[in-house]
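> Predicted model follows, preceded by the sequence.
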Amino acid sequence: MVRAIAFSWRQAWRQTIGMIIALLLAGLLTACGGDRPPQSAIEQALQLQVDQTQQQLRQQFRSVDSVATVERVKVKKQQSQAIESVKGYRIEGTYSLSIAKRSRNGINSPQQHITRRQNPFELYLQQTDEETWSLARPLADGHWKIYPLAIEPSTPDT
């Protein structure tokens, strides 16, 4: 019986040590997650992607001039992914898109305003240094088209 109690105590000790190590590793991994794309980079990349698509449609169909605005961006999933041997991320989530048709005098009319909510998105961001981000769009040949983003550098709180 003494042997059974000693065995149970050792097993409980190992499990406790294992849980402590797991919690420490989880804390370290969370702390290292500070190099994830900032929300401003994600929003700007998504707006650029929408603008590029809208421009292509305008050229193809000679459509009416309108302004599309990305709002309420919610990231649901972020994965690290190398993009042309540079650190990058694949990001998925949802956003709202507001489209306002421009009238001939350039003023947006409230009657010509549409908002679509909960649109899914997938985009790729490339990080070339600590605060430099680019939208990366995959091409059919397996390469990437890179669009630098003008992200304001973060300033430390004073």
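All right, it came through fine.

> can you tell me the distance between the two ends of stretch 120-138?
Distance between the two ends of stretch 120-138: 18 Å, counting by CA to CA, to the nearest Å.

> Numbering from 36 from now on, please.
Taking 36 as the first residue, the last one we looked at is stretch 155-173.

> Check the average confidence over that stretch, would you?
Model confidence over stretch 155-173 averages 90 on the pLDDT scale.

> May I see the buried residues of the lengthiest strand in the chain?
Longest strand in the chain, counting residues (DSSP state E): strand 143-164. Residues of strand 143-164 classed as buried by neighbour count (16 or more other CB atoms under 10 Å): 156, 158-162. Where you see a C-beta, it was placed from the backbone N, CA and C, and this is true even at glycine.

> close enough to count as contact, Trp179 and Ser169?
No: applying CB atoms under 8 Å as the test, Trp179 and Ser169 come out as separate, 9.3 Å apart.

> overlap in contacts of the two?
Gln161 (CB atoms under 8 Å, 6 or more residues apart in numbering).

> just the strands in this protein please.
101-115, 123-137, 143-164, 167-173, 179-183.

> before we move on, the earlier item: which among the buried residues of strand 143-164 gets closest to Glu119?
Checking the buried residues of strand 143-164 against Glu119 by CB to CB gives Gln161 as the nearest, at 7.6 Å.

> For that closest one, list the residues it contacts.
Residues near Gln161 by CB under 8 Å, 6+ apart: 118-119, 121-123, 168-171, 179, 181.

> what's across from it in the sheet?
Gln161 has these beta-bridge partners by DSSP bridges: Gly123, Ser169.

> more crowded one of Trp179 and Ser169?
Per other CB atoms under 10 Å, whichever of Trp179 and Ser169 has more neighbours is Ser169, with 23 against 18.
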